[in-house]
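1. okay, here's the prediction I keep looking at, along with the sequence it came from:
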Amino acid sequence: MMTYRLIYYSANRLSGDAEMLVSQIDAILASSRRNNRVGNITGALMFSQGYFGQVLEGPQSAIEATFERIQRDRRHGDVELLDFSPTSSRHFDRWSMAFVGERTPAVADFARFASKTGFDDSALSGHRILEKLLERVAVPDAF
Ligand SMILES: Cc1cc2nc3c(=O)[nH]c(=O)nc-3n(C[C@H](O)[C@H](O)[C@H](O)COP(=O)(O)O)c2cc1C
């Protein structure tokens with residue numbers, strides 16, 4: 001079956017104090033990993049400077065159904081689709097959802113607000129998000 005890759009970014013809408021932020025991200029990761037395993041989806045999620053960036057890889061129908069749910073999720077907004085295309089291989093084949101980002105409360109708190117300087121959306125492309133995730137998720141034999 002053909003594998004597809006979808007890449008998007010979105011603006012954080014999570015609120016609460018720093019520890020709540022981290023636990024809400026953990027909750028997103030827990031349900032993502034559970035659902036993605038069932039749907040044969042792999043990928044990586046980053047949280048930085050008030051933005052999420054995510055790569056989803058898997059069968060087209062499973063990706064479409066998952067992205068429908070993700071787009072309706074009020075924990076983020078302004079979802080911007082950057083790429084959705086067939087691919088010959090998975091980059092994150094060992095991860096139902098790898099995570100890259102600030103996870104200690106103090107840093108997560110600082111990083112929760114969108115900042116035009118750090119994660120400049122005008123300069124963001126699917127390719128850059130993929131690159132950033134690949135740099136920081138160890139994928140020794142995925143290249
Ligand atoms: C930034 C972000 C990334 C998400 N990534 C996924 C994902 O990869 N897979 C998934 O099933 N749900 C993901 N979700 C959660 C979905 O929006 C939705 O809440 C969830 O799939 C509902 O399933 P559940 O009822 O089993 O928790 C994500 C949500 C956010 C805010």
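-> Looks like it came in fine.

2. only C-alpha atoms for contact and neighbour calcs from this point on.
-> Noted.

3. spell out which parts of the protein neighbour the ligand.
-> 28, 31-32, 35-36, 52, 66, 69-70, 73, 75-76 (Cα under 6 Å from any ligand atom).

4. in the chain, which helix has the most residues?
-> Taking DSSP state H as the criterion, the chain has its longest helix at helix 18-39.

5. check what pLDDT S32 gets.
-> Looking at S32, its pLDDT is 98.

6. would you map the helices across the protein?
-> 18-39, 60-72, 105-110, 126-136.

7. hmm, which of the residues of the chain next to the ligand are the buried ones?
-> Neighbour-count burial (16 or more other Cα atoms under 10 Å) is assigned, among those, to 32, 35-36, 52, 66, 75-76.

8. mean pLDDT lowest for which of the helices of the chain?
-> Mean pLDDT is lowest for helix 105-110 among the helices of the chain, at a mean of 59.

9. buried sites along the longest helix of the chain?
-> Buried residues in helix 18-39 (16+ other Cα under 10 Å): 18, 21-22, 24-25, 29, 32-33, 35-36, 39.

10. are there helices or strands packed against it, and which ones?
-> helix 105-110 (3 or more Cα pairs under 8 Å, 6 or more residues apart in numbering; DSSP states H and E).
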